[in-house]
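Novice: Quick one, fold the following:
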Amino acid sequence: MSKIKTYIDADVLIAAFRGEEAICRKAMEIIDDPERQFIVSDYLKLEVIPKPTFHRFKEEMEFMETFFNSAWLNVDATPSITTKAITLACQYNLGVLDALHAGTVAESETDVFITLERPTSPLCQVQEIRIESLRI
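Specialist: Prediction:
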């Protein structure tokens, strides 16, 4: 049986490290799920690496680096992802990074994109990809 190819939003990674207990637990259940293979991107790294690095939050930096180093696939930034992101942003009123994440998911082998965005958010309205929100 093949594993679920999963892309997680930056908010899930951040919550796994420093979120309130209930949401941290949900995020860690996803991250620790042995039935998942994680897909990451340069955009995801850009969203979660700079702040803890700048502020020298060593434990958070190590957590993020461990996650990225264990990823099944790293998707590099490409013109086709940018083009897809612009199309999705225009169609769904997405913010820049949400559009880049959605574009990455649409242009890669991802089965599901997991986020903490509310189900009513523009990101969760994107029909071209499968999105699951951990927020109830």
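Novice: and the closest residue to residue 42 other than its chain neighbours, what helix or strand is that in?
Specialist: Spatial nearest neighbour of residue 42, excluding adjacent residues (C-beta to C-beta, 6 or more residues apart in numbering): residue 77 at 4.6 Å. Just so you know, the C-beta spots here come from the backbone N, C-alpha and C atoms, and that holds for glycine as well. Assigned by DSSP states H and E, residue 77 belongs to neither a helix nor a strand.
Novice: show me where pLDDT drops low in this structure?
Specialist: Residue ranges of the chain with pLDDT under 70: 136.
Novice: Could you pull out the helices in it for me?
Specialist: 10-18, 21-31, 42-48, 50-54, 58-69, 79-92, 96-106 (DSSP state H).
Novice: before we move on, the earlier item: which residues does the residue nearest to residue 42 contact?
Specialist: 41, 42, 43 (C-beta atoms under 8 Å, 6 or more residues apart in numbering).
Novice: switch to 10 Å and redo it
Specialist: 41, 42, 43, 46, 100, 103, 104 (C-beta atoms under 10 Å, 6 or more residues apart in numbering).
Novice: For PyMOL, write a command that selects the buried ones of the residues you listed.
Specialist: Entered in PyMOL, the line below selects the buried ones among the contacts of residue 77, by 16 or more other C-beta atoms under 10 Å:
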select buried, resi 41+43+100+103+104
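Novice: And the contacts of residue 77, which is closest to residue 83?
Specialist: residue 103 (7.7 Å; C-beta to C-beta).
Novice: where's the residue lying closest to residue 112 once chain neighbours are set aside relative to residue 44, distance?
Specialist: Excluding the flanking residues, the one nearest residue 112 by C-beta to C-beta, 6+ apart is residue 130, at 4.9 Å. Residue 130 sits 17 Å away from residue 44, going by C-beta to C-beta, to the nearest Å.
Novice: who's more crowded, the two?
Specialist: Set residue 130 next to residue 44 and count neighbours by other C-beta atoms under 10 Å: residue 44 wins out with 26 against 12.
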